[in-house]
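S.K.: The sequence isn't on hand, but the structure is:
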């Protein structure tokens, strides 16, 4: 072993279950091997459970959560298309930027850091821009530790017959995001956060409404690697070669999804909520102040203000070196002013909360 | 273990060394952990050895070899740019297609399947299109089992002050491709072939001439995930977050690269040539006919004609089910008419050649 294990309490990657590691080193198979194709099919079944969807197209993508964000955007957006992007942090900004990279126009609906976008704001944007193609939001903003409510926005978007795109990279597997019931048309997540898999693989689901839009494009998307129509041909009956599937990552993610089913999605969500509350109480008891609107704080990613007189980097350095614990610094307006603490997937345990709180107490109160 | 190991003698993925598996399950680290950053730096050093280059920018990419192809093309090509693509098989066609996806014009210089593009053909294309930005070729065509000579074309392209792009997905680590000496400006490869790593990660190197072109773009590339300028900011001193690095894949590839250095690149190339020759002789002794121009056959990917009276799929099915050996079928004009046999990385052993030949003899001569 080349290095010591860490207790990973940042925004991902998180620690992963030994069974996920074990699956990762399954014997390598060809990308058309019948055994591998069966593993892909099983992965899809488990992804439908995780996304709470009936969508046939629920697959992994051969890249990180950011590849999934780009795939979700660029397969829909054609030059000149307008997309409303609800922004409550860094990743919403990035989604808007990616819309623009692909020749679209991003209508930014921004709120202050620590708040959430309201249905009224989305309604106003839809009224002002009735010709938009899609409305996109980030559910769990890892930059702010805030979760965006989805259900009301989903209804609004469906009424106007637009597509509803939701980023759940931070939260899927740790928060209740029923894709079909919330009227989400395109949803994606990353492997390495609450899902408990490795970094480098992501997952996405699209319903028929979304596919109809993709099939109505004037031209194919301007990226080839993330062209979902080509990826679909590999995952389904045609099995047409597109890229060489990242076998070890697929096996690892499949095992992570199996663990989710064994635990039960609702029980897993409760676990994340429970350890999140435990952390929030513990930090408050230490005299620290949590960031952002208390009604919308995430359980899997907590943004906490650094107390006066305490320096950011030295504390994180001591946590890493003396305790083996990784937490990360604040983002954007919170840089140097807050810490971000993740409790995701296999890392989301009471033991980790107690250990972190004890370490923080020793360092801060020393 | 969910399934039996295979002897992987297709066009990749290939079998991987136990040490590569072991590295893959190294404890997970954050993407800014000092230990992980040091591993990235070490990976770059080893990639420079593999590419035989002094290029500082020699990094992994968080996607398959096809992601690397797209990155190489789309970071250079702006709408309206012309690229000469030398095509001697499927992957050259794909490169031309990707040029077009990004708004460029592909000048196709095509030769018959089984042949190679000549310097005269490239010279003629350069004369006819003096305004091209780049010339791209595929070195090892996995679709045809043919290797494209590079050195003369490299000189021509440099004389005209264009960029020279070479795809070495199939061959790097098993063929002698000195990037600097061959005047290659952009070169990429995949993890899972002769390099002996996992699928799902790739590598790329760019020299200063290439960076100058990238830095002179009118607008950023139309993809965000594969934007090399952003990826560079993460790999070098700024360490700006772009995507969450695929830790297990990076550790695995680094170990594969370490194994290459331990074996010695030239010794490794000799091994590939030796087992390739052994296979070629063995197949000929079995009465089979090798495909393509004998002067340019690859050692790591052999295309062999299926003898009269022998059916394609049943033979491959028996190899897989009874012997646990994967080889694959022919591509394009060779579909149903040829087999493709890979001897790459850890799979490139005399033992595997003898086993495959024995199995083929039993099946065909029965």
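M.R.: Looks like it came in fine. Just so we're clear, the structure is a prediction, and the values are computed from it rather than from any experiment.

S.K.: ok, the closest residue to residue A:335 other than its chain neighbours - contacts?
M.R.: Closest residue in space to residue A:335, ignoring its immediate chain neighbours: residue A:329 at 6.5 Å, by CB to CB, 6 or more residues apart in numbering or on different chains. For the C-beta atoms, the positions are set from N, CA and C on the backbone; glycine is no exception. Listed by CB atoms under 8 Å, 6 or more residues apart in numbering or on different chains, the contact set of residue A:329 reads A:312-313, A:316, A:335-336, A:338-340.

S.K.: Give the rounded mean pLDDT of the longest helix anywhere in chain A.
M.R.: Across chain A, the longest stretch assigned as helix under DSSP state H is helix A:265-285. Throughout helix A:265-285, pLDDT has a mean value of 98.

S.K.: List, one by one, the residues from the stretch 251-366 of chain A near chain B.
M.R.: Those residues of the stretch 251-366 of chain A that sit near chain B, judged by CB under 8 Å from any CB of the partner chain, are A:251-252, A:320, A:326, A:328.

S.K.: quick one: the helix or strand hosting residue A:258 to helix B:247-263, angle?
M.R.: Following DSSP states H and E, one finds residue A:258 within helix A:247-263. Angle, helix A:247-263 to helix B:247-263, by axes from the mean of the first three to the mean of the last three CA atoms, to 10 degrees: 150 degrees.

S.K.: Next, the angle from helix A:247-263 to helix A:265-285.
M.R.: Going by the same axes, to 10 degrees, helix A:247-263 makes 90 degrees with helix A:265-285.

S.K.: Work out the gap between helix A:247-263 and the centre of the chain.
M.R.: How far helix A:247-263 lies from its chain's middle: 16 Å, per CA atoms, centre = their mean, to the nearest Å.

S.K.: mind listing what's buried in that helix?
M.R.: A:247-260 (16 or more other CB atoms under 10 Å in any protein chain shown).

S.K.: same thing with stretch A:322-329?
M.R.: A:323, A:325-329.

S.K.: cool, stretch A:73-84 as well?
M.R.: A:73-78, A:81-84.

S.K.: Could you do stretch A:110-118 as well?
M.R.: A:110-111, A:113-117.

S.K.: same thing with stretch A:306-316?
M.R.: Neighbour-count burial for stretch A:306-316 [16+ other CB under 10 Å]: A:306, A:315-316.

S.K.: near chain B, anything from the host helix or strand of residue A:41?
M.R.: Element membership of residue A:41, judged by DSSP H and E, is helix A:34-51. Yes: among the residues of helix A:34-51, A:35, A:39 lie within reach of chain B under CB under 8 Å from any CB.

S.K.: Please state the mean pLDDT value computed over that helix.
M.R.: Helix A:34-51 comes out at a mean pLDDT of 97.

S.K.: which helices and strands does it pack with?
M.R.: Helix A:34-51 is packed against strand A:58-61, strand A:202-206, helix A:247-263, with contacts defined by 3 or more CB pairs under 8 Å, 6 or more residues apart in numbering or on different chains; DSSP states H and E.

S.K.: packing partners for the shortest one?
M.R.: Spelled out, it's strand A:58-61. Using 3+ CB pairs under 8 Å, 6+ apart, strand A:58-61 sits against helix A:34-51, helix A:65-74, strand A:202-206, helix A:228-235, helix A:247-263.

S.K.: got a list of contacts for it?
M.R.: A:40, A:43-44, A:47-48, A:51, A:67-68, A:71, A:188, A:191, A:201-205, A:226, A:231-232, A:235, A:249-250, A:253.

S.K.: can you do 7 Å?
M.R.: The contact list for strand A:58-61 (CB atoms under 7 Å, 6 or more residues apart in numbering or on different chains) reads A:43-44, A:47-48, A:51, A:67-68, A:71, A:201-205, A:231, A:235, A:250, A:253.
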